[in-house]
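S.K.: coordinates only, sequence not included:
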């Protein structure tokens, strides 16, 4: 995991992601949820950014 993050990949703890998607009320904005849904295991930031039409920097800070 640390090496993936060092290479620029993103890591989202699965339990945290599940909690964020199901929490009432959800603390995330609709756009943040779009980015979270587009993120997957081993999916690089560049691929997520293309998928949701955002810059890589925006995806990293979302």
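M.R.: That came through, no problem. Predicted model only: the values in this text are computed from it and were never measured.
S.K.: which SS class is residue 47?
M.R.: Three-state assignment for residue 47 (DSSP: H, G, I helix; E, B strand; the rest coil): helix.
S.K.: And the pLDDT for it?
M.R.: Each residue has a pLDDT score; the one for residue 47 is 92.
S.K.: any chance you could map the helices in this protein?
M.R.: Applying DSSP state H to the chain gives helices spanning 2-6, 14-22, 30-38, 45-52, 56-61.
S.K.: Can you say which of these is packed in most?
M.R.: Of all the helices of the chain, helix 45-52 carries the top mean neighbour count, a mean of 17, counting by mean count of other CB atoms under 10 Å. Glycine gets a C-beta too; all of them are placed from N, C-alpha and C.
S.K.: what packs against that one?
M.R.: helix 30-38, helix 56-61 (3 or more CB pairs under 8 Å, 6 or more residues apart in numbering; DSSP states H and E).
S.K.: Which of those has the lowest mean pLDDT?
M.R.: helix 56-61 (a mean of 88).
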